[in-house]
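Chemist: sequence first, predicted model second:
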Amino acid sequence: MLSELPPQWISAVNMHCIADTYYPSIIRYSVKTKSPDFPLYKELNAKSNFMIPFKDITLADKDTITSFTMKSDRRNCDLSFSNLCSWRFLYDTQFAVVDNFLVFKFWAGEQLAYMMPVGTGDLKAVLWELIEDARKENQHFCMLGVCSNMRADLEAILPEQFTFTEDRDYADYIYLIENGRVSHYGTHEEMMEGENMYADYWRAFM
């Protein structure tokens, strides 16, 4: 990815941070289902014993994964194929294709977590399947790296079923490196308000 950027600057982004030019948000959320007494769980308990066929990510999966990510308007570093391959050893990241959605699950320490599905179709049905997958793993459903626009989608599809937790440590920060030192840093919005190479680069596309 860095080879695609102008050589004068590098965006130094934490693995969990987003560089989303369509929806540049500051806060990302972790999302968890509420009490097992909620109707969502009762409906899931009546479903079949189908398990999502998750598999480990290999280089051979690049075409499958990028066929979803390159069509998405989410410019999220978590979805970079190089990042997925680089970090899969640490997070035990796996993927599957479910009803025209690309889905991921991984382990953040002892917490099983999922990414927001990428694709088109019935997002609600796919979320149900992910929640059921977590239940069968004897884990509480948790989704990490959810941005503001994704939160709006989740609340519209499954209102009052999730709790959202903000974490400033996973905020968006871009660092502009010039002559071997950090010359500017901030969120996408803050960088665009100033005069710097990053802002000049993006204004050329506006």
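Modeler: Thanks, I have the structure now. Residues are numbered from 1 along each chain as shown.

Chemist: so where do the helices sit in the chain?
Modeler: Taking DSSP state H as the test, the helices found in the chain are 39-45, 62-69, 81-91, 123-136, 148-157, 188-193, 197-203.

Chemist: need the winner for burial among those.
Modeler: Ranked by average neighbour count under the criterion mean count of other Cβ atoms under 10 Å, the helices of the chain are headed by helix 123-136 at a mean of 18. Using the backbone N, CA and C atoms, a C-beta is placed for each residue, glycine as well.

Chemist: now do the same for the residue of the chain most remote from its centre: its pLDDT.
Modeler: Distance from the C-alpha centroid of the chain, by Cα atoms, centre = their mean, peaks at residue 179 (32.2 Å). Listed pLDDT for residue 179 reads 84.

Chemist: tell me the mean pLDDT over stretch 152-162?
Modeler: Stretch 152-162 carries an average pLDDT of 87.

Chemist: measure the residue nearest to residue 107 when sequence neighbours are not counted to residue 105 for me?
Modeler: Closest residue to residue 107 apart from its sequence neighbours, by Cβ to Cβ, 6 or more residues apart in numbering: residue 92 at 4.9 Å. Applying Cβ to Cβ, to the nearest Å, the value for residue 92 to residue 105 is 9 Å.

Chemist: more neighbours: these two, which one.
Modeler: Between residue 92 and residue 105, counting by other Cβ atoms under 10 Å, residue 105 is the more crowded of the two (23 against 14).

Chemist: and that one, how far from residue 154?
Modeler: Following Cβ to Cβ, the distance that separates residue 105 from residue 154 is 17 Å.

Chemist: ok, residue 134 next?
Modeler: Residue 134 sits 15 Å away from residue 154, going by Cβ to Cβ.

Chemist: so where's this structure uncertain?
Modeler: Counting by pLDDT under 70, the chain contains low-confidence ranges at 1-50, 75, 168-172.

Chemist: name the helices or strands packed onto the strand ranked longest in it?
Modeler: Secondary structure of the chain read by DSSP state E shows that its longest strand is strand 101-108. Judged by 3 or more Cβ pairs under 8 Å, 6 or more residues apart in numbering; DSSP states H and E, the packing partners of strand 101-108 are helix 62-69, helix 81-91, strand 94-98, strand 111-114, strand 118-119, helix 123-136.

Chemist: residue 195 is nearest to which of these?
Modeler: Closest to residue 195 of those, according to Cβ to Cβ: helix 81-91, at 30.4 Å.

Chemist: and the contacts of that closest one?
Modeler: 1, 15, 56-57, 59, 62, 65-66, 69, 77-78, 93, 95, 104, 106-108 (Cβ atoms under 8 Å, 6 or more residues apart in numbering).

Chemist: kindly write the PyMOL command that selects the buried subset of those residues.
Modeler: Selecting only the buried entries of the contacts of helix 81-91 in PyMOL, with 16 or more other Cβ atoms under 10 Å as the criterion:
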select buried, resi 57+65+69+77+78+93+95+104+106
